[in-house]
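Peer 1: A predicted structure for the sequence below; I have some questions about it.
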Amino acid sequence: MREILGRRRRLRLRRKEGTARLDAALTCATVWQWPVLPGVGTAQAAPHGQSAGPGCACPEPDCAVPGAHPFDPGLLAATTDERMVRWWWANRPTAPVMLATGGRAPCAVSLPAVAGARALSALDALGVRLGPVVATPTRWSLLVAPYTLERLGELLYAKDWVPSSLRFHGEGGYLVLPPSRTGTGQVRWERSPAPLGASSSASSAPVSRGRAKGGAPVAVAPWLPDVEAVLDALVEASTGAPGGGSRLAY
């Protein structure tokens, strides 16, 4: 009897998680016009040689980002088409939500979680307005307005040194979004997306909408800061931060 009740509880939890991920994917794709696709997800158990915890569902035995990357479909399949998004998550309801960064979509800068908390405190003290911040147990990612590789190169060239633990998700990159779960654990909003004129918070992400002429609702994408506004604080916070290593460890 206990086993039956346990199975029912797990089934309800999976359905709830699947609905939440579909809703998040649809909000990103159809409301905010951010191209998304399902991530590879996790396997039941870590393969031999990996650390404890769920392993990646991809064939790579020592995947650096277990569950937190595209695989099938590939990154180029990312879309804002509602029918495609619904089809993907109908077939894989617990798949992570992956954002294809760059182009017209947000870019991101990620750093170890400890350094991320330090950077947010420093930016808050300076009165810098922040956009959405994605948090995993190991890394935090600040979403920023789209930037080009040329622009990023200019900003980094002006720095004496850029820590290897600081990573940039621009065009051709990707980022896992809440409420996904990856090999390192739950993905959440440390700072929720907020529309222009509103402040971000750590609450669940709202569906941002405005009003068109005549009162009809229109989509309003979350506000994003320029990468230059946050880069100095992120570089300083990442210097000497633990978890810098060569592995991405999302």
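Peer 2: Thanks, I have the structure now.
Peer 1: Please count neighbours and contacts with C-alpha atoms only from this point.
Peer 2: Will do.
Peer 1: Which secondary structure element is home to Asp23?
Peer 2: Secondary-structure assignment from DSSP states H and E places Asp23 in helix 2-26.
Peer 1: Kindly state the pLDDT recorded for Thr136?
Peer 2: pLDDT, Thr136: 96.
Peer 1: Just give the closest residue to it, not the sequence neighbours.
Peer 2: Val187 (4.8 Å; Cα to Cα, 6 or more residues apart in numbering).
Peer 1: Let's test this: mean pLDDT of the helix holding Asp23, rounded?
Peer 2: pLDDT averaged over helix 2-26 gives 66.
Peer 1: Equivalent analysis for stretch 235-250, please.
Peer 2: Mean predicted lDDT for stretch 235-250 stands at 63.
Peer 1: Could you double-check that Ala135 sits in contact with Thr184?
Peer 2: No: using Cα atoms under 8 Å, Ala135 makes no contact with Thr184, being 11.1 Å away.
Peer 1: before we move on, back to that, for the residue nearest to Thr136, what are its contacts?
Peer 2: 134-137, 176-181 (Cα atoms under 8 Å, 6 or more residues apart in numbering).
Peer 1: Val162 now?
Peer 2: 156, 235, 239.
Peer 1: where's Asp124 relative to Ala145, distance?
Peer 2: Distance from Asp124 to Ala145, counting by Cα to Cα, to the nearest Å: 18 Å.
Peer 1: Which one's more surrounded, the two?
Peer 2: Ala145 (19 against 11; other Cα atoms under 10 Å).
Peer 1: Quick check, pLDDT for the more buried one.
Peer 2: For Ala145, pLDDT reads 97.
Peer 1: swap in Ala194?
Peer 2: 79.
Peer 1: Touching, it and Val133? I think so.
Peer 2: No: the criterion here is Cα under 8 Å, and Ala194 misses it with Val133 at 10.8 Å.
Peer 1: List of residues touching the one helix or strand Asp124 maps to?
Peer 2: Assessed by DSSP H and E, Asp124 sits inside helix 113-125. For helix 113-125, the surrounding residues in contact (Cα under 8 Å, 6+ apart) are 110, 129, 135-141, 230, 233-234, 236-238, 241-242.
Peer 1: buried subset of those?
Peer 2: By neighbour count, with 16 or more other Cα atoms under 10 Å, these hold 110, 135-141, 230, 233-234, 236-238, 241 as buried.
Peer 1: quick one: which of the contacts of helix 113-125 sit in strands?
Peer 2: 110, 135, 139-141 (DSSP state E).
Peer 1: Specify which member of those residues is nearest to Glu171.
Peer 2: Closest approach between these and Glu171, by Cα to Cα: Ser110, at 14.7 Å.
Peer 1: OK, contacts around the closest one?
Peer 2: So Ser110 contacts 116, 139-142, 166-169 (Cα under 8 Å, 6+ apart).
Peer 1: From Gly41, how far off is it?
Peer 2: 20 Å.
Peer 1: Check Val31 too.
Peer 2: With Cα to Cα as the criterion, Val31 and Gly41 are 24 Å apart.
Peer 1: Comparing the two, which shows the higher neighbour count?
Peer 2: Gly41 (25 against 19).
Peer 1: The more buried one is in contact with Pro96, isn't it?
Peer 2: Yes: using Cα under 8 Å, Gly41 makes contact with Pro96 at a distance of 6.0 Å.
Peer 1: Between those two, which contacts overlap?
Peer 2: With Cα under 8 Å, 6+ apart as the test, Gly41 and Pro96 both reach 67-68, 181-182.
Peer 1: of those, closest to Glu60?
Peer 2: Nearest member of these to Glu60, counting by Cα to Cα, is Gly67, at 11.1 Å.
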